[in-house]
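Q: what shape does this take:
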Amino acid sequence: MQKIKTALLSYGMSGKVFHAPFLELHPGFELLGSWERSKKLIQEDFPNVISYPSLESILEDESVDLVIVNTPIDSHFEYAKKVLLAGKHAIVEKAFTANVAEAEELAYLAKEKGLKLAVFQNRRWDSDLKTVKKILDEKALGEIVEAEFHFDRYNPVLSPKVHKETVNSGSGIVKDLGPHLIDQALYLFGLPNAVSADIRITREHSLVNDYMDLLLYYPDFRVRLKAGYFVRESNPSYVVHGKKGSFLKSRGDVQEDELKLGKKPNLKTWGTEQEGNEGLLHTEINGKVIKDKVLTLQGNYYDYFDGVYQSIINNLPEPVTAQDGVNVMRIIESAFQSSQEKKVIDL
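A: Now for the predicted structure:
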């Protein structure tokens, strides 16, 4: 199998938890190393890889095929542009960029140079979201009337990561948790016609937005997306109501927690939720009303990386395209405009 030789732009939590384990598992990738600044950690986990001293050392390494831009959001555009100009494929973490103009420029540059550019929206491959998609694909609820997705936490304490709590072009909950919710909504329902939003600061001493309530307007239904840090008792993370019934599902994907514990992913049992987190389907099928639990599908971020592999080797579309990233940024920019002007923004 042809190998895609890959380098990371950091080996903090995201590199160690979300990327390296799947690059190691997939036979089509070879992890060459990571750019490391003050802490030199990657060789503790992968003794045979390189600890690159700079971005330039990665770009000058002709053996590198793919670069994963997993640095703070406000650096995504600068680094991804340099990667593409160096003739290398790129994966860019969410939020894709700081604004729409940057996203569009990267998408254009990748197309112009014939390179693959994928956005790391791994939560399309969460077990819970995959199950919601299955319910929608089966049209088990009839015509959709409304949906509400939550990414709730109880965490009133400010993050120790300085870039998350200082005012910059990438900070705040709208560009941290927001891209997960927005991408999932667009993945399931497509682009809306309009957006309205309420974006606020709720934590004491916070300088950045930490509460969001977005409403996406579709011709025949609405989708609400909410995230905040003062939810001690969570709502169902996915609520979808149709003209025949409803589906409720908690956020039960186990992958992030297990990766943080150092567990290694596999292709058989990985991403399997524990019993008790099943979704509730209450609907009418063939004239019969049913109310029953729905078995949760298996999640696996491996499928994202396999999609990247297929896109590069077989010239297929990326699993999450640059245009997908542009669309998410359009929603984010419209949400900020809506919140500031207190009005609905047409797309």
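Q: which helix or strand lies directly C-terminal to the helix or strand hosting Ile331?
A: Applying DSSP states H and E as the criterion places Ile331 in helix 322-341. Read in the C-terminal direction, the helix or strand following helix 322-341 is strand 345-346, with elements assigned using DSSP H and E.
Q: partners of that next one in the sheet?
A: In the sheet containing strand 345-346, its partner strands are strand 194-200 (antiparallel), by DSSP bridges.
Q: ok, residues contacting the strand it pairs with?
A: Residues outside strand 194-200 that contact it (Cβ atoms under 8 Å, 6 or more residues apart in numbering) are 174, 209-217, 331, 334-336, 338-339, 343-347. Yep, even glycine has a C-beta here, placed from its N, CA and C like the rest.
Q: drop anything exposed from the residues you listed.
A: 174, 209-217, 331, 334-336, 338-339, 345 (16 or more other Cβ atoms under 10 Å).
Q: please compute how far the helix holding Ile331 lies from its chain's middle.
A: Mean C-alpha position of helix 322-341 versus that of the full chain (Cα atoms, centre = their mean, to the nearest Å) differs by 15 Å.
Q: also stretch 76-86?
A: In terms of Cα atoms, centre = their mean, the centre of stretch 76-86 is set 20 Å apart from its chain centre.
Q: averaged pLDDT, it. What do you get?
A: Taken as a whole, stretch 76-86 has a mean pLDDT of 98.
Q: repeat for stretch 315-334
A: In the prediction, stretch 315-334 has an average pLDDT of 98.
Q: just stretch 280-299 next, same as before
A: Along stretch 280-299, the predicted local confidence has a mean pLDDT of 96.
Q: residues making contact with that stretch?
A: Counting by Cβ under 8 Å, 6+ apart, stretch 280-299 makes contact with 125-131, 134-135, 140-142, 242, 244-249, 252-255, 270-273, 277-279, all of which sit outside it.
Q: would you list the buried entries among these?
A: Going by neighbour count (16+ other Cβ under 10 Å), the contacts of stretch 280-299 have 125-131, 134-135, 140-141, 242, 245-249, 252-255, 270-273, 277-279 buried.
Q: ok, back up a step: mind listing which of the contacts of stretch 280-299 are in strands?
A: When these are checked against strands (DSSP state E), the matches are 242, 246-249, 279.
Q: pretty sure Lys284 belongs to a strand, no?
A: That one is not Lys; residue 284 is Glu. Yes: using DSSP: H, G, I helix; E, B strand; the rest coil, the assignment for Glu284 is a strand.
Q: beta partners of it?
A: Here Glu284 shows beta-bridge partners Val289, assigned using DSSP bridges.
Q: can you pull out the helices in the stretch 1-150 of the chain?
A: Here the stretch 1-150 of the chain has its helices, by DSSP state H, counting those that start in this stretch, at 13, 20-25, 42-45, 55-59, 76-85, 100-113, 127-137.
Q: can I get those in CSV including distance to Leu316?
A: As requested, those are arranged in CSV below (distance: least, Cβ to Cβ, whole Å):
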stretch, distance to Leu316
helix 13, 30
helix 20-25, 18
helix 42-45, 30
helix 55-59, 25
helix 76-85, 19
helix 100-113, 15
helix 127-137, 20
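Q: which one of these lies closest to Thr166?
A: Each of the helices of the stretch 1-150 of the chain was checked against Thr166 via Cβ to Cβ, and the shortest separation belongs to helix 76-85, namely 16.7 Å.
Q: what's in contact with that closest one?
A: With Cβ under 8 Å, 6+ apart as the contact definition, helix 76-85 has outside contacts at 9, 55, 59, 67, 69, 71, 90, 92-93, 95-98, 102, 105-106, 109-110, 113, 115, 117, 170.
Q: who touches His205 in this structure?
A: Counting by Cβ under 8 Å, 6+ apart, His205 touches Leu158.
Q: can you offset everything so residue one is 37?
A: Happy to do that; since the first residue is 37 now, the last one works out to His241.
Q: where's it, which helix or strand?
A: His241 belongs to no helix or strand when assigned by DSSP H and E.
Q: quick one, grab the pLDDT at it.
A: Note on His241: pLDDT of 92.
Q: any idea how far Lys197 is from it?
A: Applying Cβ to Cβ, to the nearest Å, one obtains 15 Å for the distance of His241 from Lys197.
Q: mind checking what helix or strand follows the helix or strand hosting Leu250 in sequence?
A: Assessed by DSSP H and E, Leu250 sits inside strand 247-253. In the C-terminal direction, the helix or strand that comes right after strand 247-253 (DSSP H and E) is strand 258-264.
Q: so what are the sheet partners of that next one and their directions?
A: Strand 258-264 has these partner strands in its sheet, going by DSSP bridges: strand 180-188 (parallel), strand 247-253 (antiparallel).
Q: low-confidence stretches in the protein?
A: Under the criterion of pLDDT under 70, none of the chain is flagged as low confidence.
Q: what about 90?
A: With pLDDT under 90 as the threshold, the chain has low-confidence stretches at 37, 74-75, 197-200, 203-206, 270-271, 310-312.
Q: domain boundaries for it, per the record?
A: Structural domains annotated on the chain: 40-158+340-351, 162-336+367-382, as defined by automatic domain parsing.
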